[in-house]
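A.B. asks: Make a model of this:
(3 chains)
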Amino acid sequence: MALLEARNLTKYFGGLAAVNRVDITVNAGEIVGLIGPNGAGKTTCFNLLSGFLPPTAGSITFNGEALVGLKPHHIVKRGLVRTFQLTTLFLDMTVLTNVLLGLHLSSQRGFGRVLLSLRSFPREEITRTHEVLEFTGLAPYADELAKNLPHGRQRTLGIAMALAARPLLLLLDEPVTGMNLDESQQVMNLVKTIRDRGTTVLLVEHNMKAVMGTCERIVVLNFGEKLTEGTPSEVGSNRAVIEAYLGSGGEHA
Amino acid sequence: MKSKIGIAVVLLVVVVLALFLPNFGGRYYTQIFVQVLINIMLAASLRPSLLCGQLNIGHSAFMAIGAYASALLAKNLGLPFELSLLFGGALSAAVGLIMGYPSLRLRGVYFAMVTVSFVEVIRLIAQLWVSLTRGMSGLSGIPKPSLLGMVLTTKASQYYLALGLLVIILLILYRLEYSRLGLIWKSIGMADNLSQSLGINVANYKLLAFTLGCFFAGVAGAYYASFFRFLFPPEFSFLLSVNILVYNFVGGRGHFIGPIVGAAFLTLLVEPFRGSAYETIFFSIAMLLTILFLPGGLITLPGKLAGLWSGSTGSAPATSAAT
Amino acid sequence: MTFELFVQSAIIGLSIGAIYILMALGLTLMFGMMHIINFAHGAVYMLGAFVIYYFFHLWGIPYSLAFFIAMILLGLFGFGVERFIYRTVKGNIEPTLVALLALTTLLQAAGYPVFGPLDKNVPSVFRGNYIIFGTPISAERLMIIPVAAVLVVALYLFINKTKMGAAMRSIEQDKEAAALQGVNVNVVNAMAFAVGFSLAAAAGALIAPIFKLDPMMGEQPLLKAFIIIILGGLGSIPGAILGGLILGFIDSVVATAVGVELAFLLSFVFIILLLLFKPNGLFGYEV
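C.D. replies: Okay, here's the model as predicted:
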């Protein structure tokens, strides 16, 4: 069953098409990779799906509901949660507070409720936060300030915050960029565990090797258009894909 | 534990001082302390906006709206003080809501430029709409404040009124800052895109912070009008907005107490130069020094000094060996 | 409006527009690279005018030399501001803006005790009138146009033909990528401060013999430069030039029609509306 279905997704900046007539389908329970060389339109695609940019044309259906025109905070409430490429965190708050906020902000029923509720965090939210910290291996760092974490852990924290929001579909934006082999392996293992616990994952990644072992299906973008789509081995042996990567500086791949 | 006792002692001293101040000096001193209280109201009411990460340089415009609206209502329509005060705040908030709604989409520099421009618009309207505001001749003859029909004629009683108002405003702002709402404001200030991706309607919360600040700035303006009983458009210039920002930065933005410390400290310190160019020179230098050398503001100074002291005692042998 | 009056106000509009353009170019260059608005730009303009007052009028140095001294001194000042303010706050936008505000109020307020409370006048440099289409135009005002044009062309060549200019453009595109390619971002930012400041100083130095000098004299041109760069799209240099020409013409007409103060009020309303509804400028420059 298709959880997320984007049809004919198109985005123009000025006169240039950053994303042009792209179709993406993500089925429930899958790990799908969206890859491509620099400037292929991955991040734009990502921002379109999460509602941070309005598409010029095309439709996005999530869990049977049309997403185009909804604000990002409405999309989150429907179960589609994103992370950020760089370490976008509440840097001056502790790891615990970061995850607590991830849980808390997403569970707010709305503006009026916040105004009326002066209590701090309910007990069940704190319990759930500790669960997430345990599961992601961040528990030992709970009382550290986010800005003092090592780089790899900061990325994990970003994922933990998104998880706390109880997503049906988790959108990861370049989760292993700038990591060494060990660190990226850890993150990929985490991604698999997340899926095994019932959350579907769509990840955007520049680094092709890192996602090969993890994703079940890969969509390749180049110059804003879909180049091909298939299993990792199909994509890995596709001439057009190899050329696209070589053409834009293969040393990154 | 020790620091908590310290804070309690300091608070007690401040409260006692605040309560007995009018008995110490004459009218002149009472006037200075009223100015301190008004400046604290203005500085503290800017804080929610700053928490959301908005560089709001338009606060004096909303003080001016509250001041002129309440003064005209009290003077021309004979409205009692309590009502004109509330109307002044409400009108300020309403204008803030209308202004804020479209401009809160703007980020960083764009927002700062809109707020700066708005200060000039309001000041020029006050200056040019002579039939209503008396323009550059200034609006005089504003009724004294009253409470439940009793006119407060002495400066001391007016001081206590300001103190009461300030306590109410600070209690409300404090309660909000340390509620869920405050946490959301802070999260928006640290990373608004992340807050949005976690399901927060960023625009609404920013608008609330902005409008709330406008309301209290309007209330402060209304009180100002009734105390000084004279309004003059250039008083509400861009410089006043910068000063309100300076109170927050110099006091420190890391804690609720910051703008209170900043406003009290700077108002008392520049009092001897008030109205002269040296006042502005002094302010600007304080601001530059803080931004460059004490980014956390005055409230981080005790901690820094303590660190310096323990650091210097630790390295004392090395220093003596060198000399 | 007679033909003579039209020619006269057109040329005066052009000369005022040229001053605004010099102000706006530095602002937009600095915004494009660092995403900051230099609130101190008006104060730098004021200082440029006062350099002329001291060097040319009081100390008798030739005007053209004093003009270059103004540009060099304030260019160095720009270097200093980058080094001691911008770099100290690590280029964070909010503290930079607040520090620049503080610098502005400091320079303006310090102007009163330092320069004295009375307005200053600088005697004419270019005396007499030129007759253009039968209309006399004061040489003073006319001279602004070629001088400003030379500076604009120089800036254009600097940005498009030199290595430093290429580095500036690369920072404008993508700061991280520029740094990775070995561009020394600090030095290039300092250069942008220096160039911006010396252009503002040049504007002040050009206007010194025409207007009265006082510490607040930079406010109005700063405001006009704001409008121009918003009109032209923040960060766009051709936009700034076009915006400056448009505003120069409108300015002389509106101010004579409704009075200076109301014109001032209208310009602020105009800024707010522009920012709210056309934040990318009239020419659709993508931010």
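A.B. asks: where does the stretch 101-250 of chain B come near chain C, residue by residue?
C.D. replies: Residues of the stretch 101-250 of chain B found near chain C (C-beta under 8 Å from any C-beta of the partner chain) are B:102-103, B:106, B:108-110, B:112-114, B:117-118, B:120-121, B:124-125, B:127-128, B:239, B:242, B:245-246, B:249. Backbone N, C-alpha and C define where each C-beta goes, glycine included.
A.B. asks: Take those residues and, keeping just the buried ones, write it as a ChimeraX select command.
C.D. replies: Restricted to buried positions by 16 or more other C-beta atoms under 10 Å in any protein chain shown, the ChimeraX selection for those reads:
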select /B:103,106,108,109,110,112,113,114,117,118,120,121,124,125,127,128,239,242,245,246,249
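A.B. asks: Tell me, please, where in chain B the pLDDT is lower than the cut-off.
C.D. replies: B:1-4, B:6, B:22-25, B:311-323 (pLDDT under 70).
A.B. asks: Sketch out the strands for it, chain order is fine.
C.D. replies: B:139-140, B:146-147, B:150-151, B:230-231 (DSSP state E).
A.B. asks: what do you get for the stretch 101-250 of chain C?
C.D. replies: Remark: strands assigned in the stretch 101-250 of chain C by DSSP state E, counting those that start in this stretch are C:129-132, C:135-138.
A.B. asks: could these be laid out in CSV, adding distance to residue C:251?
C.D. replies: Listed next are these as CSV, based on distance: least, C-beta to C-beta, whole Å:
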stretch, distance to residue C:251
strand C:129-132, 20
strand C:135-138, 17
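A.B. asks: Would you mind giving the ones you listed as CSV with mean neighbour count, distance to chain B and mean pLDDT added?
C.D. replies: Compiled in CSV, those are given as follows (neighbours: other C-beta atoms under 10 Å in any protein chain shown; distance: least, C-beta to the nearest C-beta, whole Å; pLDDT from 0 to 100):
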stretch, mean neighbour count, distance to chain B, mean pLDDT
strand C:129-132, 12, 35, 78
strand C:135-138, 16, 30, 78
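A.B. asks: where's the biggest helix by length in chain B relative to the chain centroid, distance-wise?
C.D. replies: As assigned by DSSP state H, the longest helix anywhere in chain B is helix B:202-228. Computed by C-alpha atoms, centre = their mean, to the nearest Å, the chain-centroid distance of helix B:202-228 equals 10 Å.
A.B. asks: Please spell out which residues along that helix are buried.
C.D. replies: So helix B:202-228, judged by 16+ other C-beta under 10 Å, has buried residues B:202-203, B:205-228.
A.B. asks: again, but for stretch C:161-169
C.D. replies: Buried residues in stretch C:161-169, counted by 16+ other C-beta under 10 Å: C:165, C:167-168.
A.B. asks: what do you get for stretch C:65-79?
C.D. replies: C:66-67, C:69-71, C:73-75, C:77-79.
A.B. asks: Next: stretch C:213-226.
C.D. replies: Across stretch C:213-226, burial judged by 16+ other C-beta under 10 Å covers C:213-215, C:217-226.
A.B. asks: Okay, and which of those residues map to helices?
C.D. replies: Members of these lying in helices (criterion: DSSP H): C:219-226.
A.B. asks: of these, closest to chain A?
C.D. replies: Nearest to chain A, judged by C-beta to the nearest C-beta, of those is residue C:226 at 24.6 Å.
A.B. asks: for that closest one, what are its contacts?
C.D. replies: Residues in contact with residue C:226 (C-beta atoms under 8 Å, 6 or more residues apart in numbering or on different chains) are B:113, C:27, C:37, C:271.
A.B. asks: Go through chain C and flag its longest helix.
C.D. replies: The single longest helix within chain C, with elements called by DSSP H, is helix C:3-34.
A.B. asks: Same question for chain A.
C.D. replies: Longest among the helix segments of chain A by residue count, using DSSP H, is helix A:181-196.
A.B. asks: What helices and strands are in contact with that one?
C.D. replies: Using 3 or more C-beta pairs under 8 Å, 6 or more residues apart in numbering or on different chains; DSSP states H and E as the contact test, the elements touching helix A:181-196 are strand A:31-35, helix A:151-164, strand A:200-205, helix A:208-212.
A.B. asks: Report the inter-axis angle for that helix versus strand A:200-205.
C.D. replies: Relative orientation of helix A:181-196 versus strand A:200-205 (axes from the mean of the first three to the mean of the last three C-alpha atoms, to 10 degrees): 150 degrees.
A.B. asks: Buried residues, helix A:181-196. List them.
C.D. replies: For helix A:181-196, a neighbour-count test (16+ other C-beta under 10 Å) marks A:183-184, A:186-188, A:190-191, A:194-195 as buried.
A.B. asks: and of those residues, the nearest to residue C:53?
C.D. replies: Nearest to residue C:53 out of the buried residues of helix A:181-196 is residue A:183 (C-beta to C-beta; 62.6 Å).
A.B. asks: out of everything not next to it in sequence, what's closest to the closest one?
C.D. replies: Of all residues not flanking residue A:183 in the chain, residue A:152 sits nearest, at 4.1 Å (C-beta to C-beta, 6 or more residues apart in numbering or on different chains).
A.B. asks: quick one: that neighbour and residue A:186 touch, right?
C.D. replies: Yes. Shown here, residue A:152 and residue A:186 form a contact pair, counting by C-beta atoms under 8 Å, at 7.3 Å.
A.B. asks: Return the distance of residue C:260 relative to residue B:157.
C.D. replies: To residue B:157, residue C:260 is 44 Å away according to C-beta to C-beta, to the nearest Å.
A.B. asks: just to revisit the earlier point, chain A is nearest to which of the strands of chain B?
C.D. replies: Between those, strand B:146-147 lies closest to chain A; by C-beta to the nearest C-beta that is 28.8 Å.
A.B. asks: Tell me the pLDDT of the spatially closest residue to residue A:214 that is not a sequence neighbour.
C.D. replies: The spatial neighbour of residue A:214 that comes closest, neighbours along the chain excluded (C-beta to C-beta, 6+ apart), is residue A:188 at 4.5 Å. According to the prediction, residue A:188 has pLDDT 86.
A.B. asks: residues contacting residue A:188?
C.D. replies: Applying C-beta under 8 Å, 6+ apart, we find residue A:188 in contact with A:176, A:210-211, A:213-214.
A.B. asks: remind me which residues of chain C are low pLDDT?
C.D. replies: Scanning chain C for pLDDT under 70 picks out C:1-2, C:252-253, C:255-257, C:281-287.
A.B. asks: Mind doing that once more with 50?
C.D. replies: Within chain C, the ranges that satisfy pLDDT under 50 run C:285-287.
A.B. asks: Equivalent analysis for chain A, please.
C.D. replies: A:249-253.
A.B. asks: Okay, helices next: where are they in it?
C.D. replies: Counting by DSSP H, the helices of chain A are A:42-49, A:72-77, A:95-107, A:111-116, A:123-136, A:151-164, A:181-196, A:208-212, A:232-236, A:239-247.
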